[in-house]
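> structure, please.
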Amino acid sequence: MARGPEPISPRSPRVTAARRLARRQTRAKERRFLAEGPQAVREATADGPRGPAVEELFTTADAADRHPDVIAAARAAGARVHLADDTVVTGLSTTVTPQGIVAVCRFLDTPLDTVLAAAPRLVAVLAQVRDPGNAGTVLRCADAAGADAVVLTDASVDAYNPKCVRASAGSLFHLPVVVGVPAAEAVDGLRAHGARVLAADGAGADDLDTELDHDRLAGPTAWLFGNEAWGLPEETRALADAVVRVPIHGRAESLNLATAAAVCLYASARAQRTAGRGRSEGGHSE
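As a prediction, this is how the structure comes out:
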């Protein structure tokens, strides 16, 4: 019979250490972050390409009863599991309605060179994206579209901000995430490895529909997405091979960052899948 979680005191040094991970400076120093809720914790326990991320788990008795699979998966991943009272878990949570389960996870970022060595075909680059909810949502969109990696430049929000982790809905644990590199370095590396670099901007000279109509999205592509309020700085747009706008066919003034990113990434994913089927059906090319 499997043993239950080990009770832990609210005054335990482990609780204090976990609570400090709410601060970016502590996260960076310890290279650990918090993931809360059963969905995020379940993904943190998965044995993905980088192995399980979970190192420690705090759960209320009620959450342990409701999610025995998560508790078992955390144990199987080698995590220490603690039975904590509501005040402990609430103190570690950043949500209005805590779900009773919070994990301490190790950092998962991947070096840019590692991503480039894998010859990625679709990458999202977040340049000066400051809102953690938007960053997490774009990460989730990239994962759903089948992107090979996400890059958060050195001027962007912390990928391990609790709101970013929550908005990614587990996708942070699914695909390589590069953090802290300058936009120019990311673009130069991606282009050197065969990617065409497109800047998504509402004032772009090129149109996403035209890109699709002329089969310009079928090859390896890196999309640059900018700040929520002012978009991409001119010096960042200048790094791209083309500046592309999502066409507005109705009366909406614009699209928000996450929606525009989803449209662009899915357009590329569709074009690449279609081109792949064509190559497969047509045999080898000369």
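> scan this protein for its longest helix.
Across the chain, the helix with the greatest residue count (assigned by DSSP state H) is helix 257-282.
> what's that helix packed up against?
Packing partners of helix 257-282 (3 or more C-beta pairs under 8 Å, 6 or more residues apart in numbering; DSSP states H and E): strand 122-126, helix 132-145, strand 196-200, helix 208-213, strand 221-225. Every C-beta, even on glycine, is put in place using the N, C-alpha and C of the backbone.
> how about it: buried residues?
For helix 257-282, a neighbour-count test (16 or more other C-beta atoms under 10 Å) marks 257-258, 260-265, 267-269, 271-272 as buried.
> nearest to Arg80 among those residues?
Ala258 (35.2 Å; C-beta to C-beta).
> was I right to think that closest one contacts Thr137?
Yes. Ala258 is in contact with Thr137 according to C-beta atoms under 8 Å; the separation is 4.0 Å.
> all helices of the protein, in order?
Applying DSSP H to the chain gives helices spanning 13-19, 24-30, 38-45, 61-66, 68-76, 86-92, 112-117, 132-145, 162-167, 183-192, 208-213, 234-237, 257-282.
> any idea how far Leu116 lies from Leu139?
19 Å (C-beta to C-beta, to the nearest Å).
> likewise Ala46?
The value you get for Ala46 to Leu139, if C-beta to C-beta is used, is 16 Å.
> tell me which of these two has more neighbours.
Applying other C-beta atoms under 10 Å to Ala46 and Leu139 shows that Leu139 carries more neighbours, namely 29 against 17.
> so that one makes contact with Val150?
Yes. Counting by C-beta under 8 Å, Leu139 does reach Val150; the two are 5.2 Å apart.
> mind listing the shared neighbours of those two?
Counting by C-beta atoms under 8 Å, 6 or more residues apart in numbering, the shared contacts of Leu139 and Val150 are 124, 175, 177.
> chain neighbours aside, what residue packs nearest to the second one?
Translated: Leu175. Spatial nearest neighbour of Leu175, excluding adjacent residues (C-beta to C-beta, 6 or more residues apart in numbering): Asp143 at 5.4 Å.
> picking up where we left off before, can you redo the helices and strands packed on helix 257-282 as a markdown table with distance to Asp69 and mean pLDDT?
Shown next, in a markdown table, are the helices and strands packed on helix 257-282 (distance: least, C-beta to C-beta, whole Å; pLDDT from 0 to 100):
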| stretch | distance to Asp69 | mean pLDDT |
| --- | --- | --- |
| strand 122-126 | 31 | 98 |
| helix 132-145 | 22 | 97 |
| strand 196-200 | 39 | 97 |
| helix 208-213 | 41 | 94 |
| strand 221-225 | 35 | 98 |
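> want to try TSV for these, with distance to Glu6 as columns?
Below are the helices and strands packed on helix 257-282 laid out as TSV (distance: least, C-beta to C-beta, whole Å):
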stretch	distance to Glu6
strand 122-126	39
helix 132-145	31
strand 196-200	48
helix 208-213	53
strand 221-225	43
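> between those, which one is closest to Gln25.
Of the helices and strands packed on helix 257-282, nearest to Gln25 by C-beta to C-beta is helix 132-145, at 15.8 Å.
> tilt between the closest one and strand 122-126?
180 degrees (axes from the mean of the first three to the mean of the last three C-alpha atoms, to 10 degrees).
> which elements pack onto helix 132-145?
Using 3+ C-beta pairs under 8 Å, 6+ apart, the elements in contact with helix 132-145 are strand 122-126, strand 149-153, helix 162-167, helix 257-282.
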